[in-house]
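make a model of this:
(2 chains)
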Amino acid sequence: MSLLKVENLSKEFGGVHAVEDLTFSVEPGHIHSIIGPNGAGKTTLFNLITGVYTPSSGRVLFKDRLVSGLKPYELAAMGMSRTFQNLQIFFNMQAIENVMVGSHLHLNRGFLASFLRLPNVSRGDRECRKTCTELMEFVGLAKYLDADAASMPYGALKRLEIARALAAKPEILLLDEPAAGLNATESREIDEVIKRVAASGITVVLVEHDMKMVMGISDHITALDYGRKLAEGTPAEVRANPDVVKAYLGAHA
Amino acid sequence: MNFKTARTGGLALLAIVIAAAPIGFSNSYYYDVGVNAMFNAIVCVGLNLLIGYAGQISLGHAGFFALGAYGSALMTTNYGIPPIGAMVLSAAVVGLLAFLVGRPILKLKGHYLAMATLGIGIIIHIVLKTESKITGGPDGMSVDNFSLLGVTVMGDRMWYWVAGGLLVLTVWLALNLIDSPVGRALRAVHGSEVGAEVVGVDTSSYKVLVFVVSAMFASVVGSLFAHKNGFITPDIGSFFHSVELVTMVVLGGMASVFGALIGAVILTLLPQVLAAVEQYEAMILGAIMMGTMIFMPKGLLPSIVASLKRRGAGK
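A predicted model of the protein is given here:
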C-alpha cells in the first residue's frame, strides 16, 4: 500500500502549468526523490502536497485519505512534515526553541495552562527540551544548543529545519533541496542525516539537484520536466532514460 | 542565559521597585502618576504579546480600553452591577468583539492590518462620542468607586498597591506564556507563518487568540481606570491614545515583557517632567517614535541588553 498518492495533479498560475497531470505514489519506508531541471515544478509539487497551495485539479491521498484542500497544520497532525528550499526559520527564537515549536502538536497547548504555568506544562517543556536536544544532536547541531537561530550559518539552518520537522514526529518527511547551497562536505553530512532518518522508519520524499546524492540514496526516483512526469524508476533506470539525459544535458548531448 | 532565573529575578526586582518607590513619593500626586504608569504598563505588556511576540499590529487598542471603561461605568451606574462583575462582563464582551473582528482582519498583513485596526479604534471612539444618551457624549460620565467584598478602593495610595499587585501578576502571566508551547507558537507566527503551519501550528487561530487576550487586558485596565479616575471621556479611546500605547511598546522593546513595562513608565512620566512644554506632547511622542525606529529598532531594553552582552563577550 502506498503511503502517499498523487493523482492527475495540476496547478496553473495564470495559464502557466507549473504542474500538469502528474501521477505517482510513494511507498512507505522509501527514500523517494523528485528530480528535474530548474522550473520543472518540484517546489510547486511540494507546496501542493503539503497544503501550502490548493491544486487546480487532481488529488492527493495520504494514508488513503483525500488530503488536497487541507491546511498544512492539519496535514502535520496527520503525520506529514517538511522543510523549505528557501529557509523558513524562526529567526526571532533560539535554535532549540525552533525545534521545540516542531513538537507543538505533542505538548499541552491549553491557553490557561500555559498562562498559569501549570506543573504539567513545565514538565512537558522539560521533556520536550530534552527530546529536542537529542534531535539537534541527531542532525549534527550539538554545538548550537544554546545559539540564537539568527546567529547560525546557512548550512546549520538547513539541518535545524530538518530537526524541527522531525520534532513533529512525522510518518513522511518532505525535504526541499536540503543540500542546496552547501559545500561538498556539508552535503555529504546531510546525506548521512537523511539516511539515518529513513533508517528510523520515516518515509522521505526528497527534492534535490545534487545528482550524486540523489543517485546514492534514493530507492525510487520521479523525474519531472515542465511540470510533467518524464521518467520514473530506480536510480539506475532513471539514469539510463534518454529523456532524462536530454532534459538535463540538452538535446544534442 | 537561564530563562528561569531571569524570570524569577526580574519579577522579584519588579516587586521590590514597586514596593520601594513610595519612599521617594512626597505627596499623593506621585502615587497618582505611579498608578497611571502601572496601568499603562499592564496594557502594554498585553499589547506586546500581540505586537512584539506574535508580530501583528493594532492601532486600535485604546478603543478596547475605552470599551472596558465605559462598560464598567454603564453597568455599575445604570444597572447596579457590582464593579468586579461589570469588569469581568466588559472584558468578556470586549473579548467577543475582538474575536469577531479579529477573525477577518487578522488575515491581513502589514499596512492593511494596521489600517483595519485603526478603523476599529476610530469607530469605537466615534460611537462613544456620539451616543450621548448612553455615554454622555464628549462631556463624559462619572463612575463610582471600585469596591469588592465590602472593601472600597479609594485614594491614590490604595490604588497604587492594587495596580502594583496587578502589574506583578500580569508580568508573571506574560512570562509564563511566552515560555510555553502557546508562547512559542505565537513567536513562531512572527518568525515564519508557513514554517509554523507545517509543524502543526494553526497560525490564524493563534493570531486571533493573542488579539483577543491583549484586547481583554486593555479592557480590564480600562475598567479599573474608570473607577480610579471617577470620570471618563471618549478621548481615552482616541487614536492618539492608541498610538501612545504602541509607542510605549516600541520604545521599551518589542518582544520584551520588561521592555514594554519600561516604555510605559517612561512615556507616562515624560509629560510630568515636560509639563512646561505640554502643547508639544504629540510632537515629542512622534520624535521619540522616529528616533527609536532609526537608532534602536529593537527598543530600549533589548538594545541595552545586547550592548551589555557584546561588552561582556569582548572581555
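
in which helix or strand does residue 47 reside?
No chain in the question, so chain A it is. If you go by DSSP states H and E, residue A:47 is part of helix A:42-49.

think we crossed wires, I meant chain B
Going by DSSP H and E, residue B:47 is part of helix B:28-48.

what's the helix or strand following that helix packed up against?
Downstream of helix B:28-48, the next assigned helix or strand under DSSP H and E is helix B:61-79. In terms of contacts (3 or more C-beta pairs under 8 Å, 6 or more residues apart in numbering or on different chains; DSSP states H and E), helix B:61-79 is packed against helix B:28-48, helix B:83-105, helix B:110-130, helix B:132-135, strand B:141-142, helix B:203-229, strand B:231-232, helix B:239-252. Glycine gets a C-beta too; all of them are placed from N, C-alpha and C.

how far is the third one from where the chain is centred?
Same thing as helix B:110-130. Distance of helix B:110-130 from the chain centroid (C-alpha atoms, centre = their mean, to the nearest Å) equals 17 Å.

and it, what's buried?
Neighbour counts using 16 or more other C-beta atoms under 10 Å in any protein chain shown place B:113-114, B:116-118, B:120-122, B:124-125, B:127-129 of helix B:110-130 among the buried residues.

do the same with the second one
The neighbour-count criterion (16+ other C-beta under 10 Å) identifies B:83, B:86-91, B:93-95, B:97-98, B:101-102, B:105 as the buried residues of helix B:83-105.

ends of stretch A:72-87, how far apart?
One end of stretch A:72-87 to the other measures 17 Å (C-alpha to C-alpha, to the nearest Å).

and that stretch, average pLDDT?
Averaging pLDDT along stretch A:72-87 yields 94.

is chain B contacted by it?
Yes. Remark: stretch A:72-87 sits within contact range of chain B at A:72-73, A:75-77, A:81-82, A:84, by C-beta under 8 Å from any C-beta of the partner chain.

got the contact list for the closest residue to chain B within the stretch 101-250 of chain A?
In the stretch 101-250 of chain A, no residue comes nearer to chain B than residue A:114, which is 3.5 Å away by C-beta to the nearest C-beta. Contact analysis of residue A:114 by C-beta atoms under 8 Å, 6 or more residues apart in numbering or on different chains lists A:108, A:121, B:176-177, B:180-183.

at 7 Å what do you get?
A:121, B:176-177, B:180-183 (C-beta atoms under 7 Å, 6 or more residues apart in numbering or on different chains).

so which of those is the closest to residue B:19?
Checking the contacts of residue A:114 against residue B:19 by C-beta to C-beta gives residue B:176 as the nearest, at 21.9 Å.

once you drop chain neighbours, what's closest to the closest one?
residue A:117 (4.0 Å; C-beta to C-beta, 6 or more residues apart in numbering or on different chains).

the one you found: what secondary structure?
The three-state assignment at residue A:117 reads coil, by DSSP: H, G, I helix; E, B strand; the rest coil.

and which of the buried residues of helix B:110-130 is nearest chain A?
Comparing the buried residues of helix B:110-130 against chain A with C-beta to the nearest C-beta places residue B:113 closest, at 18.1 Å.

would you confirm that that closest one contacts residue B:56?
Yes. Residue B:113 is within contact range of residue B:56, at 6.4 Å (criterion: C-beta atoms under 7 Å).

what is in contact with these two at once?
Jointly contacting residue B:113 and residue B:56 under the rule C-beta under 7 Å, 6+ apart are residue B:106.

take the contacts of residue A:114 and keep only those in helices.
Judged by DSSP state H, helices contain the following of the contacts of residue A:114: A:121, B:176-177, B:181-183.

which bits of the stretch 1-150 of chain A sit near chain B?
Applying C-beta under 7 Å from any C-beta of the partner chain, we find that the stretch 1-150 of chain A lies next to chain B at A:50, A:52, A:71-73, A:76-77, A:81-82, A:88-93, A:97, A:100-102, A:104-105, A:107-109, A:111, A:114-117, A:121, A:125.
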